[in-house]
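In: Predicted model, plus sequence, below.
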Amino acid sequence: MSDPTAHTRATTTDVVVVGAGFAGMYALYRFRQRGLSVQVLEAGDDVGGTWYWNRYPGARCDVPSLEYSFGFSEELEQEWDWPEVFSAQPDILRYANHIADRFDLRANIQFETRVIAVEYDESEKLWRLTTDTDRAFVGKYCVMATGCLSVPNKPDLPGAASFEGLELHTGLWPQEPVDLSSKRVGIIGTGSSGVQAIPELAKLAAELIVFQRTPVYTVPANRKGMRDAVQQEFKDNYRRIREMQQANQGGVSNFRPTLNVNRPDVFDPMAPKRNLIKPLTPEQRRTRVEEKGLGEILSFRDVYTDLEANEIANDLYRDVVRTMVTDAEVAERLLPKDYGIGCKRQVLDRDYYATFNRTNVALVDVREEPIQTINPAGIQTVAGQYDLDVLVYATGFDAMTGALLKVNITGRDGRTLEQKWQHGPVAYLGLQMNGFPNLFTVTGPGSPSVLCNMLVAIEQHVNWIGDCIRHLEVNHLGGIEPTPQAELDWIAHVNEVAEGTMFTAPSCNSWYLGANIPGKPRIFMPYVGGYPRYRERCEQVVANDYEGFQFV
Ligand code: NA7
């Protein structure tokens, strides 16, 4: 419980970091190396962030693991082995734990400590953090490493609390295995989490009923095991690979081992133009997909910028899926029809469509057959009752801003972040907000974040913040915050580069736009201009004596 006297017994460090996912862990490592005292606060009982909470069956990263790994330590790069090209959640969590052990991070992490308020003490120029324990924390600098997808979204469905079976959320999956054998399981949601979980739940449960609102474009993931020779070739070339990542729009090197086996088939919407769908004949398009698989549709560059090309690709996609699902009615319901490829984050799957050919799986389209209520026995739609033992919410997250708004941040003059962001997130470079001096966000809104290899984005942000704090300390500058004009100019630029892309098409409703949360302002939150352009801008800002920032 929160204790009102806790601030009198507060622990003080130079920096308080909120969150012990990859961002918080690296921040701790880097800031300590910079000679700062650091305290990390983490709600969970161990490290890992996203990979700690998302333990649902089928959870897996959509970036190849040799790329989705830290580059700050050559020893770490050399000693760690990945068992698969695209790792499953348990392996990524093992990697996070290895980093915590290897760099002795746990000594400065306070687990099972949820931050409930972060308040600027103007007279002392300090940040005061209240937690749900009897301890409080104070830092000259506060770094929010709270993740982009860390506040689970559970829709407000009538009667939800009355359900008497087991209720689960993919983003809050229990640590202990859940026995689903002989259970009738319902799942709401068919985004990345749902698409990953559905084939696995279908194998584990007696029956699985999928409640789908919006059908998804999903393509088969690369499911190869790691070959030793490939892993070694990455290790031998890691310095070059990290440079290639820095030059790539999505922070992925796309390094091809000379053996050319287990080629990581990365979907990279920012990649330079390679090939176009429009100039091909229908037969040529079909042949390409038949030869190379459904994912080939994503490799055509015009699909992301030209509405006509996008429509061609969407039609082709639907034609192929119709051949994969045996029940024609089910197939029709699974086809996305009212938005295009490239609007949402691309989903990768393992046997998603084949799962609907199983006899123990049923599909309910909640647009045709809306959910009326959840009751003690299950879900009641307009067409009938579905009795369930287990109800899984795969309903996503309050993305990008959710975790920052949830902790009640109050800046100068008692102004809250909620007030500042009432019409959408306003920040400079996704790093800082005017009115919140010395408070930094890692991969905040307005930075490439979720459109980039997250570990590359984290390293760049944490390095920038660490260097900035050092600059403040060495030059005895009290604090830093962006000017109001710099924030507005940056937001205008973020919007400008997103305009005209499939991400912001009028038909598009994605969590990138906040469209999955009722009442959330519709703003495209990540920076779509590409990681290298963004990184160069951050470097330029520093070279120009922190252009757009003011020292306070
Ligand atoms: P997403 O991609 O936001 O998907 C959530 C799913 O839940 C999506 O199909 C939603 O349908 C559905 N949903 C949400 N609310 C409801 C209600 N009220 N009724 C029915 N269906 C609902 O979240 P994920 O966790 O799958 O993935 C998030 C990211 O995590 C992913 O992109 C990766 O980067 C990792 P909707 O589309 O809103 O109609």
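Out: Cool, the structure landed. Numbers count the residues shown, from 1 in each chain.
In: count of neighbours near L172?
Out: 14 (other CB atoms under 10 Å). To be clear about C-beta, it is placed using only N, CA and C from the backbone, and glycine gets the same treatment.
In: pretty sure it is in contact with K154, am I right?
Out: No - at 9.1 Å, L172 does not count as touching K154 under the criterion of CB atoms under 8 Å.
In: what about D14, how many neighbours?
Out: Residues near D14, counting by other CB under 10 Å: 17.
In: That one: what's it in contact with?
Out: 31, 36-38, 139-141, 469 (CB atoms under 8 Å, 6 or more residues apart in numbering).
In: Now, those that are in strands?
Out: Of the contacts of D14, the ones assigned to strands by DSSP state E are 38, 139-141.
In: number of nearby residues for the residue of the chain found nearest the ligand?
Out: With CB to the nearest ligand atom as the measure, G191 is the residue of the chain nearest to the ligand, at 2.1 Å. Residues near G191, counting by other CB under 10 Å, number 22.
In: And R286, by the same measure?
Out: 14.
In: for it, helix, strand, or coil?
Out: helix (DSSP: H, G, I helix; E, B strand; the rest coil).
In: Just give the nearest non-adjacent residue to it, would you?
Out: L316 (7.1 Å; CB to CB, 6 or more residues apart in numbering).
In: helix or strand right after the helix or strand encompassing the one you found?
Out: Using DSSP states H and E, L316 maps to helix 307-322. Heading C-terminal from helix 307-322, the first helix or strand you meet, by DSSP H and E, is helix 328-334.
In: Whatever helix or strand comes next after that next one and the ligand, are they touching?
Out: Moving toward the C-terminus from helix 328-334, the next helix or strand (DSSP H and E) is strand 347-349. No - using CB under 6 Å from any ligand atom, strand 347-349 never reaches the ligand; the gap is at least 7.1 Å.
In: So which other helices or strands are in contact with strand 347-349?
Out: The contact analysis (3 or more CB pairs under 8 Å, 6 or more residues apart in numbering; DSSP states H and E) places strand 347-349 against helix 192-204, strand 218-220.
In: And the contacts of D14, which of them are buried?
Out: For these, a burial check counting by 16 or more other CB atoms under 10 Å picks out 31, 36, 38, 139-141, 469.
In: Among the ones in strands among the contacts of D14, give me the pair with the biggest separation.
Out: Maximum pairwise distance among the ones in strands among the contacts of D14 (CB to CB): 11.3 Å, between V38 and K140.
In: residues shared between the contacts of the two?
Out: Counting by CB under 8 Å, 6+ apart, the common neighbours of V38 and K140 are 14-15.
In: for the closest residue in space to V541 that isn't next to it in sequence, phi and psi?
Out: Take V541 and drop its neighbours on the chain: the residue closest to it by CB to CB, 6+ apart is E547, 4.9 Å away. Dihedral pair for E547: phi -50, psi 130, per degrees, to the nearest 10.
In: unless I'm mixing things up, E547 is touching C538, no?
Out: No - counting by CB under 8 Å, C538 is not a contact partner of E547; they are 10.5 Å apart.
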